[in-house]
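> I need the structure of the sequence given here:
(one chain, ligands or ions: 1)
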Amino acid sequence: MNKRIAVIVTGLAFLLLTVGIAGAQQVLLPAASIPKFVDQLPVAGQISVVYAGVTPGYNIYMREFQAQILPASNPAAVPPIAGFPASWVWGYLTDADLTGGFPRPSYLGPVVVATRGVPAYPRYWNQLPLSGSNVQANMPIDMTIDWANPQSINCAPDALGNYTNTLCGTPNAYTGPMPAAVHIHGGEVEPAFDGGPDAWETPDGIKGIGFPNTDNIFTYPNGQQESTIWFHDHALGLTRLNVYAGLAGLYPILDTGGPSAPLAVMPKFPEHDIPLIIQDRSFDTQGQIFYNLASNPQPNLTVHPFWIPEFIGDVIVVNGKSWPNLNVEPRQYRFRLVNGSNARFYDLSMNKGLKFIVIATDGGYLQKAVLTPNVIFGPGERYEAIVDFSKLKVGTKVVMFNAARTPFPGGAMPTVNGTDTIMQFTVVANTSGLPNTAIAAGTALRAAGNPIQPIINGFTPPAIPPAAPSGNIVRQLTLNEVIGAGGPLELVVNNSKYNLAGLLPGAPTPLGRETELPAVGDTEIWEIINITADAHPMHTHLVTFQILDRTPFQAANWINQYDAALLAKGVLPGYGPPNAYNARNADGAIGGNPAINAFLQLSKRRLPLPYEMGWKDTAIMYPGEVTRIVVRWAPQDAPVTGLGAPTAGTNLYPFNPTALYGGVGYVWHCHIVDHEDNEMMRSYTVMPARQPIE
Ligand SMILES: [Cu+2]
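Purely as a prediction, here's the structure:
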């Protein structure tokens, strides 16, 4: 462990001293030269809104266009400065947007407002440039990683894992039409419409194996609870670039029967219900987005010339504007916080004595509102929080700050008056005339017939050991870094590369690469053992889960056993766990790893934070800890016990999650998208029945 951490720290010191490698044609715009709080935060209206509950079919066009991210002018500057030009970006446009004028106020969007129980049928069109893209010119595409490769050149590694095709290595970057795949993050949808990493299509019609043959029309049943889900690009090995370029939008699902009375009276979009999609970006001296390879350089350029372990931006962008201001009335506001960054975690707080009243997690409302001075979240996570400006005088300015280190949690502090600052709120007179609301700590948030259903034992975790209620399948799975000279070369889940086949004899698809084969309707405990130096926000497709606990373990001792087992079996980094995946270890867990319970430091075990005690689809897994989650392959509302409770082999979804499209099921992965793009993702398939376990 210590050695691994030392390697990372060395890499960080290196990045602070270097500039420009592959992006040498772009020169970094100093973040300090960008004035803060000049532009207003784009809200619903400037970001288009599509009411899918009213119009279930709608078009989304992926296009290249210009958006004004940096201030176009700065009237307050003395002496006056000219401001910055619009930036070339990629984004999702609606029919109305095509004639809506450019540059747009934001690259993000649209906000697609869905209604629970009313299916939506978006039609996605990849209309990114066939050639001559202004965005792609600033975003070198690494062909040495496992990616959505639309060309006939084979860039895959050889049997030993070496990348030998010189057409794919330094200094070549892919410049052809860009593959894209739209993933509905948090959506309960069948595999064909999940928009997983293999479901990509290029603007000239080349398709990945998972792209549905439905005339580009997807089906989202919208069966889950009222929550803020979102959609973003997910193309294999390209997600970090496509999302960075702007391909992300919000997808709130509304349900009149979901919230409690005090919450139901809060106005919905747009006035007092406002998404805050937080991202970090860098810009060049021409005002163009800059995927700055020097922000965390890849130390082994001969292996992956254009992939870096984590992109670290020096400019904070909210809803597509750098360091914006939002004018607020002296009343309560509802903010839908989305961490849309590549790799940056945020630890949000506010001055002037303001706190967050957290009301919802990724997948729905908490049972009761939680008052907290700060909210910590990683890429992909969402929280909804009430902020009460009612006690502040008109004219008061409130700043939202960030205290999270990068990489999280042990990396560098955010820069002072830079990445430590998110945005500003200015209190203005109440002109809406709408009555205030009264959400407070402890306010019940869910309608009477809609309590949260703790999958097992409430949020009181079962004792360790045994690790789980008898009869439940328990998986113990690792998060690993593959380290080369100077730093990480890739990151993997359970020491298994994404497309590594043959780990599980009898794996059900022609690809044979999946290892997690839960039965539909089953409830499993996943114990994720993080032996890397950093925290990873792990994300499951299809299902929301609940966090049971986090427990530090004697890392050096367990890793010694683990490394010895890998060595004894001759297993190379990235080529699977040391033992047979489906054989129970001494803890009764499958996954192919040495038992860990004896190494847990139980006195240091922590329950999830109060604001994490709800439905999650992405959760922070800290280094040196085992994070336990309980996952159930059934709709959120299915009862936990008694009549109608799902059991292994019962499908309660209104679709068939075991249906495979092109041999593709679902994935689960790290949502640091730079990690996800370089192997930190596993393929998983929902099965009609439990698989035999040895
Ligand atoms: Cu990760």
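
> quick one: the helices in this structure?
Counting by DSSP state H, the chain has helices at residues 2-17, 239-245, 261-264, 555-569, 673-676.

> how many neighbours does Arg336 have?
21 (other C-beta atoms under 10 Å). Any C-beta I mention is one placed from the backbone N, CA and C, and that applies to glycine too.

> surely it meets Val387?
No. If you go by C-beta atoms under 8 Å, Arg336 and Val387 don't touch, sitting 11.8 Å apart.

> kindly provide the distance from the nearest residue to Thr175 once chain neighbours are set aside to Ala67.
Residue nearest to Thr175 in three dimensions, not counting chain neighbours: Gln136, with 6.5 Å by C-beta to C-beta, 6 or more residues apart in numbering. Here the distance between Gln136 and Ala67 works out to 16 Å (C-beta to C-beta, to the nearest Å).

> over to Glu612?
33 Å.

> kindly report the same for Ile359.
30 Å.

> so for these two, which residue has more residues nearby?
Between Ile359 and Ala67, counting by other C-beta under 10 Å, Ile359 is the more crowded of the two (27 against 23).

> quick one: the more buried one and Gln367 touch, right?
No. Between Ile359 and Gln367 there is no contact under C-beta under 8 Å: 10.3 Å.

> list residues touching both of those two?
Leu445 (C-beta atoms under 8 Å, 6 or more residues apart in numbering).

> looking at stretch 173-185 now, give me its mean pLDDT.
Across stretch 173-185, the average pLDDT comes to 96.

> list the buried residues of it.
Residues of stretch 173-185 classed as buried by neighbour count (16 or more other C-beta atoms under 10 Å): 173-174, 176-185.

> from those, which is closest to the ion?
For the buried residues of stretch 173-185, the minimum distance to the ion (C-beta to the ion) is 15.8 Å, reached by His185.

> isn't the closest one up against Gly380?
Yes. Here His185 reaches Gly380: they are 6.7 Å apart, a contact under C-beta under 8 Å.

> what sits in contact with each of the two?
Counting by C-beta under 8 Å, 6+ apart, the contacts common to His185 and Gly380 are 539, 617.

> now for the nearest residue to Met681 once chain neighbours are set aside: which residues touch it?
By the measure of C-beta to C-beta, 6+ apart, the closest residue to Met681 outside its immediate chain neighbours is His669, 3.4 Å from it. His669 makes contacts with 493, 538-539, 675-676, 680-682, as judged by C-beta under 8 Å, 6+ apart.

> what residues does the protein put near the ion?
Proximity of the chain to the ion (C-beta under 5 Å from the ion) is limited to residues 536, 670, 672, 675, 680.

> among the residues you listed, which are in strands?
536, 670 (DSSP state E).

> neighbour count added to the residues of the chain next to the ion, as CSV?
Output for these, formatted as CSV (neighbours: other C-beta atoms under 10 Å):
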residue, neighbour count
His536, 29
Cys670, 30
Ile672, 29
His675, 29
Met680, 25
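
> take the residues of the chain next to the ion and write them to CSV, including distance to Phe408 and pLDDT.
Shown next, in CSV, are the residues of the chain next to the ion (distance: C-beta to C-beta, whole Å; pLDDT from 0 to 100):
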residue, distance to Phe408, pLDDT
His536, 9, 98
Cys670, 12, 98
Ile672, 9, 98
His675, 12, 98
Met680, 15, 98
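
> in TSV: the residues of the chain next to the ion, plus distance to Gly395.
Shown next, in TSV, are the residues of the chain next to the ion (distance: C-beta to C-beta, whole Å):
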residue	distance to Gly395
His536	43
Cys670	44
Ile672	40
His675	44
Met680	47
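
> pretty sure Val673 is touching Ala343, no?
Yes. Val673 is in contact with Ala343 according to C-beta under 8 Å; the separation is 7.3 Å.

> between these two, which contacts overlap?
Pro379.

> related to what we said a few turns ago, just flag the most distant two among the contacts of His669.
Of all pairs drawn from these, the widest gap by C-beta to C-beta lies between His675 and Arg682 and measures 12.4 Å.

> can you pull the contacts of the closest residue to Pro197 other than its chain neighbours?
Nearest residue to Pro197, sequence neighbours excluded (C-beta to C-beta, 6+ apart): Leu236, at 3.8 Å. By C-beta under 8 Å, 6+ apart, the residues touching Leu236 are 146-148, 179, 181, 197-198, 200, 208, 498, 677.

> and the residue nearest to Gly169 when sequence neighbours are not counted, how close does it get to Gly395?
Nearest non-adjacent residue to Gly169, counting by C-beta to C-beta, 6+ apart: Thr144, 5.7 Å away. Counting by C-beta to C-beta, the separation of Thr144 from Gly395 is 55 Å.

> who has more neighbours out of the two?
Thr144 (22 against 9).

> so who does the closest residue in space to Thr202 that isn't next to it in sequence touch?
Distance criterion C-beta to C-beta, 6+ apart; nearest residue to Thr202, sequence neighbours excluded, is Pro177 at 4.4 Å. Contacts for Pro177 were tallied using C-beta under 8 Å, 6+ apart; they are 128-131, 150, 202-204, 206.

> quick one: which of the residues you listed is most hemmed in?
Busiest of the contacts of Pro177 [other C-beta under 10 Å] is Leu128, holding 22 neighbours.

> which ones are touching Ala507?
Contacts of Ala507 (C-beta under 8 Å, 6+ apart): 501, 513-515, 517, 685.

> right, and the pair among the residues you listed with maximum separation?
Ala501 and Leu517 (14.0 Å).

> endpoints of stretch 303-313, how far apart?
23 Å (C-alpha to C-alpha, to the nearest Å).

> quick check: closest non-adjacent residue to Pro639.
In space, Pro639 is closest to Ala645, 4.7 Å off (C-beta to C-beta, 6+ apart).

> read off the pLDDT value for the one you found.
At Ala645, pLDDT is 90.

> just give me the neighbour total for it.
Counted with other C-beta under 10 Å, Ala645 comes out at 16.

> try Asp420
16.

> cool, and Asn213?
Asn213 has 9 neighbouring residues, counting by other C-beta under 10 Å.

> low pLDDT regions in the stretch 401-550 of the chain?
457-470 (pLDDT under 70).

> show me where it has its strands.
Ranges of strands within the stretch 401-550 of the chain are 421-427, 473-484, 487-493, 523-530, 536-540, 545-552, based on DSSP state E, counting those that start in this stretch.

> for the fifth one, packing partners?
Right, the one you point to is strand 536-540. Packing contacts for strand 536-540, counted by 3 or more C-beta pairs under 8 Å, 6 or more residues apart in numbering; DSSP states H and E, involve strand 618-621, strand 666-670.

> what of the longest one?
Counting contacts by 3+ C-beta pairs under 8 Å, 6+ apart, strand 473-484 is packed against helix 2-17, strand 487-493, strand 523-530.

> helices and strands of this structure: which one has the lowest mean pLDDT?
Ranked by mean pLDDT, DSSP states H and E, the weakest helix or strand in the chain is helix 2-17, scoring a mean of 32.

> coming back round to it: quick one: which of the contacts of Leu236 is nearest to the ion?
Distances from the ion to the contacts of Leu236, taken by C-beta to the ion, are shortest for Asp677, at 10.4 Å.

> what number of residues lie near the closest one?
30.

> so it makes contact with Val243?
No. Using C-beta under 8 Å as the test, Asp677 is too far from Val243 to be in contact (9.9 Å).

> ok, back up a step: got the contacts of Ala507 as JSON lines, with neighbour count columns?
Shown next, in JSON lines, are the contacts of Ala507 (neighbours: other C-beta under 10 Å):
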{"residue": "Ala501", "neighbour count": "14"}
{"residue": "Arg513", "neighbour count": "22"}
{"residue": "Glu514", "neighbour count": "23"}
{"residue": "Thr515", "neighbour count": "24"}
{"residue": "Leu517", "neighbour count": "20"}
{"residue": "Thr685", "neighbour count": "23"}
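
> much appreciated, bye for now.
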